[in-house]
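# Compute the structure for the input listed below.
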Amino acid sequence: MSKCPIDPQKVVEWMSDMNAMFELPWSPRYSQTGESMSADDQSSMGYWALAATIAFTIVVFSFEGNLDARQKDAYLQTTFPKQLEQTVSKIDEERATAKKEAKKEDEDDDATKPLLPQMQSKFQNAQSYGLDKINFGMISSSFDTLQAVLMLIYGFLPYIWDLSVSIGTERFGWTEKDNEIKISLIFLLLTTLLGTVTSLPFELYSTFQIEKKHGFNKMTLGLFFTDKLKSTVLTFLIGGPFVSLLLYIIKIGGPYFYIYVWGFMFVFSVFMMTIVPVFIMPLFNKYEPLEDSDLKRSIYALADKLKYPLTKLFVMDGSKRSSHSNAFMFGFGNNKRIVLFDTLLTQVRDEEILAILGHELGHWKLGHTLSNFVITQLYFGAAFYFFSLCYTSDELFAAFGFNDSSRPTPTIIALLLFFQTLWAPVDKVLSFLLTLFSRYNEFGADRFSHGLGYSSQLQSGLVKIHLENLGAMCPDPWYSMYHYSHPPLVERLGAMMALDNSKKQA
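Purely as a prediction, here's the structure:
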């Protein structure tokens, strides 16, 4: 008889190793002491911390992966959605009636052509674009989840921290006790560079494969890497001092440090709102004043009507990077500015631009901009308050490999682990609620533009932008509810049509 190629003893040893691997409490492969923590050494929080964090990461990945699969099925549909067809056909009927009443039968440019045939002709293109993006997103999220879990299992954070301490000590003579903030900056440098390297292939594929394939990407490799270099430098120039001040405030703030941190975050938010549009954004794009025209005068008249303190009106060379279009507002206090993408000016008519800006100005007039800022500040306050409650929880941090009792847990590590563990479920719930709040505000801004008399213009403008950007025409309802900060196109159009009907019946 031939000898069995499988060694039973090896099988027993493998099963024993697997059993030990899944036996609580879990400990990372690398720790500061080189020893695993036993159940007797850990509190209930430390006992469950690593396993619970990995389990939560996998549960979120599975849930969002299921939503991705639903959206993928939606992109595989080959029939143009009936509800969207009925909605857009009504828009075409209204536009044809308005055109006839205005006696412009001879006008036949692209801006006034029926929208439904255009959408139907681009439906498969939009489906293909969405399918490519969702497939790529599923691969990317799988990689991110696998990377996150492996980093937890193998003790990436304690390893990189100890490496940072070693570099700081050997190169600069810094000690962990006296120079924690400086070593924290080395730690952030290493993690940022690693994150940049691991994400680079995905960014390149997204930009130069998917976006280029569907006709959106206009970037060259030179421009891509120039942008990447600028972003990295800005991250260190702004992020370095920010992190240093944040850690310093936490260390000297005493038991109520979260109050001082909250104030610091408020000041920093205002600071960024001030410098980003003036100094940072011009590093990436060219902003030129909108040339004197009827559109310019109409925009200023609309801003004056709403008492919006518009000081400058720019056109941004968005076409340098992409053919996607957009418009946005920024500014602080009485120094407000509006920016139009140059691509937007070629895709929609002037009155549709006014309708879109009426929507954006509605966010300001209805207090959405201010409420979002307030919510962000409340979020910071709540997060840092709860962080203060577990800042000194050595058992929690020991579960992730920071188990050397002779070395205090670094503040930057405590922050990262708090937001990765205890705060992660809270953050997911709050993010979903904020998504719902954003969708509610979008409907409100649409109603505001409708109230300005721009209903038909906003509807046609939204359809054209959706068409030019190959937006999803039949999104899965569960996927869109979870991910979309803006309601699907057909819902927005339907809501405005309902307002039109109510107005006619009044």
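
# now the strands: where do they sit in the stretch 201-350 of the chain?
Secondary structure of the stretch 201-350 of the chain (DSSP state E, counting those that start in this stretch): strands at 287-289, 310-316, 327-332, 335-341.

# of those, which approaches residue 257 most closely?
Proximity to residue 257 (CB to CB) singles out strand 327-332 among the strands of the stretch 201-350 of the chain, at 27.4 Å. Quick note: C-beta positions are derived from backbone N, CA and C, even for glycine.

# Which pLDDT value goes with residue 273?
For residue 273, the model assigns a pLDDT of 85.

# Please name the residues that touch it.
Counting by CB atoms under 8 Å, 6 or more residues apart in numbering, residue 273 makes contact with 330, 332.

# Look at residue 91 and say how many residues are nearby.
20 (other CB atoms under 10 Å).

# give the contact list for it.
With CB under 8 Å, 6+ apart, residue 91 has these contacts: 115-116, 456, 459-460, 463, 493.

# Please repeat the previous calculation with a cut-off of 7 Å.
With contact taken as CB atoms under 7 Å, 6 or more residues apart in numbering, residue 91 is in contact with 115, 459-460, 463.

# Just send those residues back as CSV, with neighbour count, distance to residue 175 and secondary structure too.
Below are the contacts of residue 91 laid out as CSV (neighbours: other CB atoms under 10 Å; distance: CB to CB, whole Å; DSSP: H, G, I helix; E, B strand; the rest coil):
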residue, neighbour count, distance to residue 175, secondary structure
115, 19, 67, helix
459, 28, 65, helix
460, 24, 66, helix
463, 25, 63, helix
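
# Farthest pair within these?
Taking CB to CB, the two most distant members of these are 115 and 459; they sit 9.2 Å apart.

# picking that back up, closest to residue 123 out of the strands of the stretch 201-350 of the chain?
Nearest to residue 123 among the strands of the stretch 201-350 of the chain is strand 335-341 (24.2 Å), distances taken as CB to CB.

# Tell me which helix or strand residue 471 sits in.
Under the assignment given by DSSP states H and E, residue 471 is not contained in any helix or strand.

# Just to check, it is in contact with residue 489?
Yes - under the contact definition of CB atoms under 7 Å, residue 471 touches residue 489, with a separation of 6.5 Å.

# quick one: which of those two has more around it?
Using other CB under 10 Å, the more surrounded residue of residue 471 and residue 489 is residue 489, with 22 against 17.

# And the pLDDT at that one?
At residue 489, pLDDT is 93.

# mind checking how far it is from residue 460?
12 Å (CB to CB, to the nearest Å).

# still on that earlier bit, mean neighbour count, the strands of the stretch 201-350 of the chain: which tops it?
Most buried of those by mean neighbour count (mean count of other CB atoms under 10 Å) is strand 335-341; its value is a mean of 19.

# Show me what that one is packed against.
strand 310-316, strand 327-332 (3 or more CB pairs under 7 Å, 6 or more residues apart in numbering; DSSP states H and E).

# do you know which of the ones you listed lies nearest residue 146?
Among these, strand 327-332 sits nearest to residue 146 (CB to CB), with 35.4 Å.

# and the closest one, average pLDDT?
The model assigns strand 327-332 a mean pLDDT of 80.

# Show me what that strand packs onto, helices and strands only.
helix 257-275, strand 335-341, helix 350-365.

# All set now, cheers.
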